[in-house]
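> No letters, just coordinates:
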């Protein structure tokens, strides 16, 4: 029987490696690949993805599940955490086999095509050009949700794919409170112009950024930082984490906060890769929301704190070749904590960002439940922008067409951004309660070891033992709530006065 | 029936892509991967290599071969080049299935282990420490040769893996004449010191090198140049060719000739990728010898020519930030055509290099035929070094331990280096006979289009239609012979006087 456990572990290792190889193919295509390689690369990825899908949904994995059940029934191995491992494996596999292959392929073809149609429509400020395609994507997403099944509402079936165990009504509960509290905070918040008076050459920005991940605890021997059009983080193996950022000479903070954000993701991935049983269905990130909590924690809670920059500001100025009197600390600090109503999500600050997300959640939830139609989207969008931001949308490129997500059929993805913010504030609040010396260690020595250890213990080391909202409860002693995020953002705005 | 042809083509496409993905895993590990990724990467490569091997030797490929036979028998498709395609496919598959899996795995484990043992032995100048391992590798190689089978002598079975259709007696015939002619040329040849009086920063070297591949005809949109410890060239797809070089500030020519060499390999790979049927068993490089002929042609015949540098020298000096009077052309030209007896193959010039190779061929041929034993190697090596170079080997690190190849069990590989030199001189001689304006076009405009087109027509476009020595015969009208290489090297030495 233990031979069967060994075979299963080996199967999972091969399945994991296949995923790692696919990640390398993606990373390379975004960071290194010559342009002409695009077509063949798409085929390479599709070939391995199909192989991986077959491995996960095929008879072999079914047999392994049966064997695990036998092992547990006969008590032939330490059954905890094996029971949870089986639970997750079976749940994930059940979900994966619920979609007919034909539907998966139709969806994949449609969304591949849709990307170009969306990009053109956005360029031409022409929602009508995208509408029929988005309608098809919405219909197909509804069809998929029906295949998955749900208890309360259809949107839950899609959300489950990104945030296991979290329901639309949980989000409504968290987000309504957050939205109502944020609107006055946003109105109070001030915006401060960039303090940089001259462009900062990419080489100088790189000199600073290249050191950051290691200073935050990501081992240099197991990671690398590169450049790509859109910053991202990926995992090529337990000991090979790669992050990217992008450089603008007139906006050096963009690259730095990109690195802080992606390093947070990579630290989490590195952490789950260190769990003893790696690789297993348990030794992986638990959800997109928790993943985002890790990136946002380093980017915002730490990276926009006074203490962080009290230590790192001298280093930054030195690398950037700027004299202190040319760039006073307060100008810098105020700028990185600016509040500034923008129509565009990706340009939003840490306060308004959440209003952008809540708007999208409300819209896509209604779309999937058929309360609104795709043709209603521009009007719904613009009305909500007026309500939340008091901003008038002039055309759909700065409105409903601005984001790529829906063209990829990623309904249920948006809310995980704000869940991440909520979780990060709650985690960080509880961390600080028991680690009062953190800010001093940071100011005096740039030392963030205590945070690193705490996250390792409370988040990374659990992998998928708990579902996301239970993980937050285990780590903080409370169910997820928006209060800590509200408190954090309010304090940031109050500081401005 | 045509459906079966389509299925076969699809099978081959997937098999090719799998190889391309394995190439990316290798490239990344040499060029990009963080150090800690090494162990997992070895597992990733091993997993896909095993999958690829199973695909090639399994029942599917056998069935495709049977189907191809039927199609040809029933004349249901254009049977040329399908007949040749089938011939190659069957020959390659027959060879691959001749080795028991157990033997392949034993060999792979042993050679993996051997690399470290060899490296330590080399460092410690201690042949005895490597001797037992090399004996095992030799025994296993002999066992493999027996599995493959041969007509005349055992070495042929191993050589066949690198240079199809070429036999040890062909090499003996080519090499004996070459060796006898080279020894007096070497003795006449002069060495000229490096003309560079100051180190050249890597950035300046890169500025020149980054332009070279495109100037030689390799599309920039389908290739990239990076840095690695050992320069190499690899193919990630028909339109994704990658080369590397290494930089030494005190020896800037090392990086340049590395780029010239690897670009030659990449041009060949790019060329076979453009054949209409790509990918098929026919649309690939035909052998290591012909591959090396392509790299050596651009590195030596073109890259050490007076005409090439008459055009590129000004550009080089400008990029290197050197005044012409500080580095006269003749000093440069003489230096890149120096003849200099060295004990070390990888430091050898274009003349003496071949004597190094012939020595290795003679030794490994005798080793595989059991005329000599592994324990005899140091003495045999040192005696031959005395005969060919009149050099005294002081320790085995500068003698029999210098090369990595035997630790990897690559018996039969060495001679392809000199075959490449022989082929390149023969090809280039015949090209020049019909393209008298080549040197003028090069001197005046840096234009090498005619060579590029000729190689495309005579070499690249044939893929594996001919076996290597037949390809040379088709391209030049003559069976491979050493005379053109001897003539070329003699002319280089005569120029010095």
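Nice, I can see it. Not measured: the values here are computed from a predicted model.
> Next, residue A:393: secondary structure please.
With DSSP: H, G, I helix; E, B strand; the rest coil as the basis, residue A:393 sits in coil.
> Count the neighbours of it for me.
19 (other C-beta atoms under 10 Å in any protein chain shown). C-beta: built from backbone N, CA, C; applies to glycine.
> What separation do you get for it and residue A:366?
According to C-beta to C-beta, to the nearest Å, residue A:393 stands 18 Å off from residue A:366.
> same question, residue A:496
Taking C-beta to C-beta, one finds residue A:496 at 35 Å from residue A:366.
> Tell me how chain A divides into domains.
As assigned by automatic domain parsing, chain A contains the domains A:1-98, A:163-497.
> what about the last one and chain B, any contact?
Yes - judged by C-beta under 8 Å from any C-beta of the partner chain, domain A:163-497 comes into contact with chain B at A:219, A:220, A:221, A:222, A:223, A:224, A:236, A:237, A:238, A:239, A:240, A:241.
> Filter these down to the buried ones.
A:222, A:223, A:224, A:236, A:237, A:238, A:239, A:240, A:241 (16 or more other C-beta atoms under 10 Å in any protein chain shown).
> mind putting those in a markdown table, pLDDT included?
Output for those, formatted as a markdown table (pLDDT from 0 to 100):
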| residue | pLDDT |
| --- | --- |
| A:222 | 98 |
| A:223 | 98 |
| A:224 | 98 |
| A:236 | 98 |
| A:237 | 97 |
| A:238 | 98 |
| A:239 | 98 |
| A:240 | 98 |
| A:241 | 98 |
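> so can I have a markdown table of those showing secondary structure?
What follows is those, written out as a markdown table (three-state DSSP):
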| residue | secondary structure |
| --- | --- |
| A:222 | helix |
| A:223 | strand |
| A:224 | strand |
| A:236 | strand |
| A:237 | strand |
| A:238 | coil |
| A:239 | coil |
| A:240 | strand |
| A:241 | strand |
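> Provide a list of residues in contact with residue A:211.
Going by C-beta atoms under 8 Å, 6 or more residues apart in numbering or on different chains, residue A:211 touches residue A:315.
> Ramachandran coordinates for it?
phi -90, psi -30 (degrees, to the nearest 10).
> same deal with residue A:96?
phi -70, psi -40.
> For the stretch 1-150 of chain A, which segments count as helices?
Using DSSP state H, counting those that start in this stretch, the helices of the stretch 1-150 of chain A run over A:2-31, A:38-57, A:59-73, A:79-98, A:101-123, A:127-148.
> what helices or strands is the host helix or strand of residue A:440 leaning on?
Assigned by DSSP states H and E, residue A:440 belongs to helix A:438-445. In terms of contacts (3 or more C-beta pairs under 8 Å, 6 or more residues apart in numbering or on different chains; DSSP states H and E), helix A:438-445 is packed against helix A:306-320, helix A:449-458.
> and the direction of the longest one versus that of helix A:438-445, what angle?
Between the axes of helix A:306-320 and helix A:438-445, defined by axes from the mean of the first three to the mean of the last three C-alpha atoms, to 10 degrees, the angle is 20 degrees.
> do the shortest one as well
Put simply, helix A:449-458 runs at 140 degrees to helix A:438-445, going by the same axes, to 10 degrees.
> pLDDT below threshold where in the stretch 351-497 of chain A?
A:497 (pLDDT under 70).
> Mind jotting down where the helices sit in it?
A:353-368, A:377-389, A:415-434, A:438-445, A:449-458, A:468-476, A:483-495.
> Any chance you could list what contacts the fifth one?
Outside of helix A:449-458, the residues within contact range by C-beta under 8 Å, 6+ apart are A:216-217, A:267-268, A:271, A:294, A:297, A:302, A:427, A:431, A:434-435, A:437-438, A:441, A:474-475.
> one more time with 6 Å
A:217, A:271, A:431, A:435, A:438, A:475 (C-beta atoms under 6 Å, 6 or more residues apart in numbering or on different chains).
> That helix: how far from the chain's middle?
In terms of C-alpha atoms, centre = their mean, to the nearest Å, the centre of helix A:449-458 is found 20 Å from the chain centre.
> ok so, going back, export the helices of the stretch 1-150 of chain A to TSV and tack on mean pLDDT?
What follows is these, written out as TSV (pLDDT from 0 to 100):
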stretch	mean pLDDT
helix A:2-31	96
helix A:38-57	95
helix A:59-73	95
helix A:79-98	93
helix A:101-123	93
helix A:127-148	98
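> out of those helices, which comes closest to chain B?
Among those, helix A:38-57 comes nearest to chain B, with 3.8 Å by C-beta to the nearest C-beta.
> Measure how far the closest one is from the centre of its chain, please.
23 Å.
> buried sites along it?
By neighbour count on 16+ other C-beta under 10 Å, the buried set for helix A:38-57 is A:40, A:41, A:44, A:45, A:47, A:48, A:51, A:52, A:55, A:56, A:57.
> Tabulate these (TSV), appending distance to residue B:466.
Listed next are the buried residues of helix A:38-57 as TSV, based on distance: C-beta to C-beta, whole Å:
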residue	distance to residue B:466
A:40	27
A:41	32
A:44	30
A:45	35
A:47	31
A:48	34
A:51	35
A:52	40
A:55	41
A:56	45
A:57	46
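> Could you check how far the residue nearest the centre of chain A is from residue A:423?
Centrality entry for chain A: nearest residue to the mean C-alpha point is residue A:292, 3.9 Å, by C-alpha atoms, centre = their mean. As for residue A:292, its distance to residue A:423 is 8 Å (criterion: C-beta to C-beta).
> And for residue A:128?
39 Å.
> related to what we said a few turns ago, leaving out the residues flanking it, which one is nearest to the residue nearest to the centre of chain A?
Using C-beta to C-beta, 6 or more residues apart in numbering or on different chains and skipping the chain neighbours, the partner closest in space to residue A:292 is residue A:420 (2.5 Å).
> cool, and residue A:8?
Using C-beta to C-beta, 6+ apart and skipping residues adjacent in sequence, the residue nearest residue A:8 is residue A:64, 4.3 Å away.
> swap in residue A:289?
Residue nearest to residue A:289 in three dimensions, not counting chain neighbours: residue A:419, with 3.5 Å by C-beta to C-beta, 6+ apart.
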